[in-house]
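Colleague: coords please:
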Amino acid sequence: METIKRTKVKALLTMEPGQEVLAKGWVRTKRGNKQVKFIALNDGSTVNNIQVVADASLFDEELIKKITTGASLAVKGELVASQGSGQSVEIQAKEIELYGECDPMRYPIQKKDITLEYLRSVAHMRLRTNTFGAVLRIRHNMAFAIHKFFNDKGFVYLNTPLITESDCEGAGQMFQVTTLNLNEPLPRTKKGDIDYSTDFFGKQASLTVSGQLEGELGATAVGEIYTFGPTFRAENSNTPRHLAEFWMVEPEMAFYDINDNMNLAEEFIKYLVKYALDNCMDDVKFLNDKYDDSLIERLQSVIGTEFVRLEYTDGIAILEEAIKNGHKFEYPVYWGVDLQSEHERYLVEKHFQKPVILTGYPKDIKSFYMKQDENGKTVRAMDVLFPKIGEIIGGSEREASLEKLETRIDELGMSRKNLEWYIDTRRFGTVPHSGFGLGFERLLLFVTGMSNIRDVIPFPRTPKNAEF
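Modeller: Prediction:
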């Protein structure tokens, strides 16, 4: 059968009829009558199937019986103009080779209308569905676009460590990494604490929550860097917006102030959304039609609008006014509160009806490394808020003053021991610098229109779930 080269389904669907072709893939459906069978074949290159028309008299009856949903085939035949609707070409089969059978009694994803919740329980198989094929292709394209955006701007891709002793966010919710034998009594110091000197790294180590602090080292050496890798948070959050293992994109830029930072964030997010519309339209349209019929319209609206720049204090005033006018929020609103998703979405979806960049947050609810404003109450933080998602980007101008940074670390009671290397960036040639973090899966929620973050990563890691 291999006398001609295999062509992927995506390419077949754009080819002119009248040529012999070889297609390989998995059966989505089979229908027909005793005389002729119609097989929908998909190889993952596109959300669209190629229809294979098989004259039953040309093939062994046992072979036809074994062509079931999920089975894998090689089909050689003539590409002809399609008689039916839905596709312009189809394959008139001359030879069919069955690679792998698929027991229809046991195959878990045969039915057309399976819930996303059920598919999460068979995550090793759900990737074969049209929905997850579309999500995976969009995920790939967005990853490529991220690298392209920063590469074209002259940024350096920096690989920051996944195993670290520093807690960037000061939250303490980190996964510990150890080679100590947990089945035996742990070694203790004289004070009774665990003695990590005998552990692999000789000190307590954890999986990273962010590459930002190391990213700042890169930015103060080569100017502009970005990191793109997995991060880990041991938060017991069983919500549609949280994962224990997720991917983060974190640019850090020397000589950028908060306005430069906001401009870059807006340009970046618009670039990615436009890239999705330009390069993933088949998949985006499929998800639009199946799950969220306003998806394409929402994506297009982001590109064509200028994001609102709003001070936190003004945002609180808008929310308080909404409450006066009868709007009910589940969580309280007052100056100094850390805004919840419902507050962020009200500003974006109800009040402004466009993305919002919120700045000037209270110092007490933000991280130690953010640049303090002259008033001593607020910091130069920025959060980019999106419809349906809430916060999609979080960042700030970083505190460049050695004195202010040290004072803030002491105020928060943080350990200086693990941060001396970071503080050195303010001792030796400090500069104004800024950066932000984009949760990759939050971006994918927006671009795909999916409603649960577990459905935009191949194998989600959540509390009590580390399967596959």
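
Colleague: got the phi and psi for Glu374?
Modeller: phi -60, psi -30 (degrees, to the nearest 10).

Colleague: what of His351?
Modeller: According to degrees, to the nearest 10, His351 has phi -80, psi -60.

Colleague: is the residue nearest to it when sequence neighbours are not counted in a helix, a strand, or coil?
Modeller: Leaving aside its sequence neighbours, His351 sits nearest to Ile318 (C-beta to C-beta, 6 or more residues apart in numbering; 5.6 Å). For glycine as for every other residue, the C-beta is placed from the backbone atoms N, C-alpha and C. Secondary structure, DSSP: H, G, I helix; E, B strand; the rest coil: Ile318 is helix.

Colleague: what mean pLDDT would you report for stretch 67-83?
Modeller: In this model, stretch 67-83 has an average pLDDT of 95.

Colleague: so how far is that stretch from its chain's centroid?
Modeller: Here stretch 67-83 is found 34 Å from its chain centre; the criterion is C-alpha atoms, centre = their mean, to the nearest Å.

Colleague: and what of stretch 389-400?
Modeller: Distance, centroid of stretch 389-400 to centroid of chain: 17 Å (C-alpha atoms, centre = their mean).

Colleague: can you give me the pLDDT of Gly170?
Modeller: 53.

Colleague: residue boundaries of the helices in the stretch 201-350 of the chain?
Modeller: 212-222, 258-279, 281-290, 295-303, 312-324, 341-345 (DSSP state H, counting those that start in this stretch).

Colleague: so Phe149 sits in a helix?
Modeller: Yes: membership of Phe149 in a helix is supported by three-state DSSP.

Colleague: list the buried residues of stretch 56-74.
Modeller: By 16 or more other C-beta atoms under 10 Å, the buried positions in stretch 56-74 come out as 59, 64, 67-74.

Colleague: scratch that, stretch 212-227 is what I was asking about
Modeller: 212-220, 223-227.

Colleague: of those residues, just say which sits nearest to Lys148.
Modeller: For the buried residues of stretch 212-227, the minimum distance to Lys148 (C-beta to C-beta) is 11.6 Å, reached by Tyr226.

Colleague: who are the neighbours in contact with the closest one?
Modeller: 146, 150, 155-158, 215, 249-252 (C-beta atoms under 8 Å, 6 or more residues apart in numbering).

Colleague: can you get me a residue count around Pro104?
Modeller: Number of residues near Pro104 (other C-beta atoms under 10 Å) recorded here: 11.

Colleague: SS state for it?
Modeller: Pro104 ends up coil, using three-state DSSP.

Colleague: run a quick check on it versus Gln110, I expect a contact.
Modeller: Yes: between Pro104 and Gln110 there is a contact under C-beta atoms under 8 Å: 6.4 Å.

Colleague: what packs against the helix or strand Ile64 falls within?
Modeller: Using DSSP states H and E, Ile64 sits within helix 61-66. Other helices and strands packing on helix 61-66, by 3 or more C-beta pairs under 8 Å, 6 or more residues apart in numbering; DSSP states H and E, are strand 89-100.

Colleague: note down every partner strand of the strand it packs on and its orientation.
Modeller: Next to strand 89-100 in the sheet, as set by DSSP bridges, lie strand 50-55 (parallel), strand 72-81 (antiparallel).

Colleague: pLDDT of the helix or strand following that strand, averaged?
Modeller: Using DSSP H and E, the helix or strand that follows strand 89-100 in sequence is helix 116-121. Averaged over helix 116-121, pLDDT sits at 92.

Colleague: list the buried ones in helix 116-121?
Modeller: In helix 116-121, counting by 16+ other C-beta under 10 Å, buried: 116, 119-120.

Colleague: out of these, which is nearest to Pro187?
Modeller: Arg120 (40.3 Å).
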